[in-house]
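Visitor: give me a 3D structure for the following:
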Amino acid sequence: MAASLTVWHALVIDLPLRLAAEAMRFTGQRLQAQAEHLTALARCGSLEDAVTLQTTFVTKGVSDYRSEASSLSHEVAQTAFAKAA
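Guide: Numbering: from 1, shown residues only. Sure, this is the predicted structure:
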């Protein structure tokens, strides 16, 4: 009974809270990047500079989201497999 309660607690309470905290951290990071990007765009002196800045921002964003998805899925898999064992 205690073991099943531990598994339930880990999967139903701990994991969702850890994932929510990580999602909030990541969201804050991306919002900060967005604010910095908009500030930099406002300072652009040419269309070429703006396109370069936008390309860099989007590329970094895609990379960040890919990395975050990998981290979150790893966290879920690790927790699920550890508790199933």
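
Visitor: contacts and neighbour counts: CA atoms only from here.
Guide: Will do.

Visitor: in the protein, which segments are predicted with low confidence?
Guide: For the chain, applying pLDDT under 70 flags the ranges 1-3, 83-85.

Visitor: which stretches in it count as helices?
Guide: 2-9, 15-42, 47-84 (DSSP state H).

Visitor: in a markdown table, list those helices along with mean neighbour count.
Guide: Listed next are the helices of the chain as a markdown table, based on neighbours: other CA atoms under 10 Å:
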| stretch | mean neighbour count |
| --- | --- |
| helix 2-9 | 11 |
| helix 15-42 | 13 |
| helix 47-84 | 13 |
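
Visitor: how near is the nearest residue to residue 57 once chain neighbours are set aside to residue 29?
Guide: Using CA to CA, 6 or more residues apart in numbering and skipping residues adjacent in sequence, the residue nearest residue 57 is residue 37, 7.1 Å away. Distance from residue 37 to residue 29, counting by CA to CA, to the nearest Å: 12 Å.

Visitor: repeat that for residue 19.
Guide: 15 Å.

Visitor: so what's residue 50 up against?
Guide: Residues near residue 50 by CA atoms under 8 Å, 6 or more residues apart in numbering: 41, 44.

Visitor: that one and residue 67: what is the separation?
Guide: Counting by CA to CA, the gap between residue 50 and residue 67 amounts to 26 Å.

Visitor: same deal with residue 54?
Guide: 20 Å.

Visitor: same check on residue 5?
Guide: Counting by CA to CA - residue 5 and residue 67 are separated by 32 Å.

Visitor: ok, now residue 39?
Guide: From residue 39 to residue 67 the distance is 25 Å (CA to CA).
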